[in-house]
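[1] Sequence and computational prediction follow.
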Amino acid sequence: MTPDEERILVEVTRMLVEIIGEDYVLDMNIGMDTSFDADLELESIEFVRLAAKLTEHYGERVNFVAFLADRGIDEIINLTVGAVVRHVVDRMATSTAGDTHG
Amino acid sequence: MAEVIAGGIRFHVQRLPAHCLSESTDHPADSPTVVFVHGLGIDNMASFYYTLANPAARAGADVILYDLRGHGATERPPTGYSVEASVRDLIAVLDALGVTGPVHLVGNSFGGMVALAVAMAHPARVASLLLIEAPIEFPAVTEDWEEQTARVLVAEGMKLRRGLSDWRAQYSRKLHRVSTTIDALVHGTTLVADLGAQQPFHRADLRSVTCPVMAVYGDNSDIIHYGYTLVDLLPNCDLTVVPNCSHFLIVEAPGVLRDLLLRWLSSGAEAHLMPVKNALVR
């Protein structure tokens, strides 16, 4: 895991705890391989809230709506935390590279 | 923005602006606004969010999704679950968002009933209706109405979650949450009583809905007869019947609904312009 991934993972984990509550996450060590469905049993509405939090936190540049738009609901729910973390890292790297303001 | 205070209630709202899915920055100022209204029980905006909302935004619509009172991530006050109260909620949410022009309403099941009621009460706010499996009345109240309703709500919720969960995990978080949600709605709010007291729509009021309406039902739906009633009464209503589908069209045929919605929007929601209608009506 790169330092960037590690940092984003911590932030995504915090968002997940806010959404589904500490009680459910307490005994679980959320990592890159953690599945939203099998491990976290994330409800589809909770994933909507996660997507909103990600956009709120990282800005439009993560374009999470487009990320979800290209996937069916089964695919979305079967995603791992790592897939989302890597998407955020990728988008941030891309937008920084293309940002003329530095 | 995920929270909107409307009528004193905290609503969970998600907006997908028309531009958010497009690479182009060149957008007409007059993008149509599409508002999705979900069904009862443990349904919530997610059933639209993952099926029709993104295609609509990608096709150039400003999309608004919200969780009904007591549902999803919206607050669950003890009262106010009638169709009329739901109409007030929807108008209050639109007001809070500053959306005053006519919108295209897409409603599923109870959400379709709410959409229809908005068109009757506030015709200037509605550009068109796309009604998916909308009832126009509730069955007569019987002694076991409460238990029956709870059972239907749970069953519908489970069907809506097809493919999302493994119900064998009896004590799973999801099952726990579903039963908690249903229990809270049925026993902690006036939802069941409000629906039990719900009056059927008046025929004269239905006849007054002049905006374009597309009603969609599954051919195996147990409420398909309402589709025929709507076509009969509404002056500007077309009916689409989707083969091999039940009341749970949104789960069973999301692709058909998506194509229908995109054609509906691209035609300016002009009823009678849709070549698909007769092919699917039996």
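    Arrived safely, thanks for sending. Numbering: from 1, shown residues only, chains lettered A, B, ... in the order given.
[2] residues contacting the residue nearest to residue B:205 when sequence neighbours are not counted?
    Taking C-beta to C-beta, 6 or more residues apart in numbering or on different chains, and ignoring the residues beside it in sequence, residue B:205 has residue B:120 as its nearest neighbour in space, at 4.8 Å. C-beta here means a position set from N, CA and C on the backbone, and glycine is covered the same way. Shown in contact with residue B:120 (C-beta atoms under 8 Å, 6 or more residues apart in numbering or on different chains): B:201, B:205, B:206, B:208, B:209.
[3] In these, find the pair that's most separated.
    Farthest pair in the contacts of residue B:120 (C-beta to C-beta) is B:201 and B:208. Separation: 10.4 Å.
[4] Between those two, point out the one with more neighbours.
    Neighbour comparison, residue B:201 and residue B:208: the larger count goes to residue B:201, with 20 against 14 (by other C-beta atoms under 10 Å in any protein chain shown).
[5] List the contacts of the more buried one.
    Taking C-beta under 8 Å, 6+ apart as the contact definition, residue B:201 lies against B:116, B:117, B:120, B:136, B:137.
[6] what's around residue A:54, how many residues?
    Counted with other C-beta under 10 Å, residues neighbouring residue A:54 total 22.
[7] and the residue of the stretch 51-200 of chain B found nearest chain A, what element?
    Per C-beta to the nearest C-beta, residue B:54 is where the stretch 51-200 of chain B lies closest to chain A, at 3.7 Å. Assigned by DSSP states H and E, residue B:54 belongs to helix B:54-58.
[8] outside of the helix or strand following that helix, which residues touch it?
    Downstream of helix B:54-58, the first helix or strand assigned by DSSP H and E is strand B:62-66. Strand B:62-66 is contacted by residues B:4, B:11-18, B:31-37, B:45, B:48-49, B:53, B:56-57, B:74, B:90, B:93-94, B:97, B:99, B:103 when judged by C-beta under 8 Å, 6+ apart.
[9] For the most centrally placed residue in chain A, give me its contacts.
    Closest residue to the average C-alpha location of chain A: residue A:84 at 3.9 Å, with C-alpha atoms, centre = their mean. Taking C-beta under 8 Å, 6+ apart as the contact definition, residue A:84 lies against A:12, A:50, A:54.
[10] what's the offset of the host helix or strand of it from the middle of its chain?
    Element membership for residue A:84 (DSSP H and E) is helix A:81-97. Its chain's C-alpha centre and that of helix A:81-97 lie 10 Å apart, by C-alpha atoms, centre = their mean, to the nearest Å.
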